[in-house]
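[1] When you get a sec, could you give me coordinates for this:
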Amino acid sequence: MRLPPPLHPWDLAPREAIRLQRELAQRVTRVDSLAAVQYVAGVDCSTNRETGMGRAAVVVLSYPELAELEVSRFQEPLRMPYIPGLLSFREIPLIMGALAQLAQVPDVLMIDGQGIAHPRRLGLAAHLGVLLDLPAIGCAKSILRGAHDPLPDEVGARALLRDRGEVVGMALRTRRHAKPIYISIGHRIRLETAVSYVEACHRNAYRLPEPTRLAHFYAATAPT
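    A predicted model of the protein is given here:
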C-alpha cells in the first residue's frame, strides 16, 4: 500500500502535539464518503514495557464474508512515552509501517481505539483516517471521553455516548454479560454507518468485531 507523504513529524513536545490535534480535528469528515466496501482492515497495537518495543498488526478481511486475506505486522522501538490523550503519536508510526507492507488497500479501517470520542476530537482512528484520507472507524474497549445511559444486558443494546452535550460515539453491547464496545467516527463516515459496519463484522461468540479481534491477536503475536 502506497502511503501519502507525512503531514507532520512525530517527535513533538506534548504542547505542540495538542495544538496539532486541535488543528487536524477540523479536517475530520463526519459524513459518509466511501465507495462500495469490499475490504475491511482491522488495526491494533501492542507494546512491551520491558524491551520498549511496539508492534502494530493490520488484518485485511473480505466484506461481507470476513475471510482473512492478508496480515501485516511491523515492530520498532517506541518513539514516544505513553501520554493520555496523545496515544496516536505513539502508535501511528507503527501502524504506518504495517500498512506500507499491504498489497491490498482497504476500503475502510476499523481501529482498536477512539475516533472523535477524545478530549480534542482526534483520537487514534480520527488521526489515522485524516492522515491517510481513508474511511475509518474507532472501535474501543473502554471510554476515554463521555458517558452514556445504562444498557440492558442484551445483544444489540445501544446508547449514545455524549461529552459536554455533544454526541461523540455509541456504546454497543455485542455479547451478554460483557462490557459494551464504544464506536466513534474516525473519518469519512457517519456514526450510524460506523455502527452498522461494526455490527456486520461481529461474530456472536466474541465481544469484539472480527477485524479488531484478529488485529488484537496478531499484534500480541511476534512475527515468525
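[2] Could you please name the strands the helix or strand where residue 69 lies pairs with and the direction of each pair?
    Element membership of residue 69 [criterion: DSSP states H and E] is strand 68-77. Each strand that strand 68-77 pairs with, and the sense of that pairing, follows from DSSP bridges: strand 53-62 (antiparallel).
[3] Okay, buried residues for the strand it pairs with please.
    With burial defined by 16 or more other CB atoms under 10 Å, the residues of strand 53-62 counted as buried are 54-61. The way it works is simple: take the backbone N, C-alpha and C, and place the C-beta from them, glycine included.
[4] before we move on, back to that, show me how far whichever helix or strand comes after the strand holding residue 69 is from its chain's centre.
    Per DSSP H and E, strand 68-77 leads on to helix 87-99 as the next helix or strand towards the C-terminus. Here helix 87-99 shows a centroid-to-chain-centroid distance of 11 Å under the convention CA atoms, centre = their mean, to the nearest Å.
[5] strands paired with the following helix or strand past helix 87-99, and their directions?
    Using DSSP H and E, the next helix or strand after helix 87-99 towards the C-terminus is strand 108-111. Counting by DSSP bridges, the strands paired with strand 108-111 are strand 39-48 (parallel), strand 136-140 (parallel).
[6] Name the residues that touch the shortest one?
    The reference is to strand 136-140. Contacts with strand 136-140, where a contact means CB atoms under 8 Å, 6 or more residues apart in numbering, come from 108-117, 123-126, 128-129, 169, 181-189, 194, 197-198, 208-209, 212.
[7] Same check on stretch 49-59?
    Contacting residues not belonging to stretch 49-59 are listed as 41-48, 68, 70-78, 90-91, 94-95, 97-99, 102, 106, 211, 214-219, 221-222 [CB under 8 Å, 6+ apart].
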